[in-house]
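> okay, predicted coordinates and the sequence, questions at the end:
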Amino acid sequence: MRYKHEIYCEGKDCKKTTYNTNGDIQMRKDAYGIQTGWYCEDCFENNYPYRKDYYYDYFEAGEYLDDDY
């Protein structure tokens, strides 16, 4: 039975939905922060086709040199 607001996991050969996983499916983002789709935790760990690592931005870390010294 299909429900009105049911979300399906986009993992390969995955049949999980928000109805049968109690809402465990989340919108995932790639390394650039671009939304790639809805994936359950199992597919995100084992079957995710995009890069999961995040790039280090030194401007956010406060460790860059300024010319005002």
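Cool, got the structure. Numbers count the residues shown, from 1 in each chain.
> next, the buried residues of the longest helix along the chain.
Longest helix in the chain, counting residues (DSSP state H): helix 41-46. Within helix 41-46, the residues that count as buried by 16 or more other C-beta atoms under 10 Å are 43-44. Quick note: C-beta positions are derived from backbone N, CA and C, even for glycine.
> output it as CSV, nothing but the C-alphas.
Once non-C-alpha atoms are left out, helix 41-46 reads as follows in CSV (Å, rounded to 0.1, in the frame of the first residue of the first chain):
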residue,chain,number,x,y,z
GLU,A,41,21.4,4.6,6.8
ASP,A,42,22.4,1.2,5.5
CYS,A,43,22.5,2.4,1.8
PHE,A,44,24.4,5.5,2.9
GLU,A,45,27.1,3.5,4.5
ASN,A,46,27.4,0.7,2.0
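> just list what it packs against, helices and strands only.
strand 26-29 (3 or more C-beta pairs under 8 Å, 6 or more residues apart in numbering; DSSP states H and E).
> tell me the strands beside the strand it packs on, with direction?
Strand 26-29 pairs in its sheet with strand 35-39 (antiparallel), by DSSP bridges.
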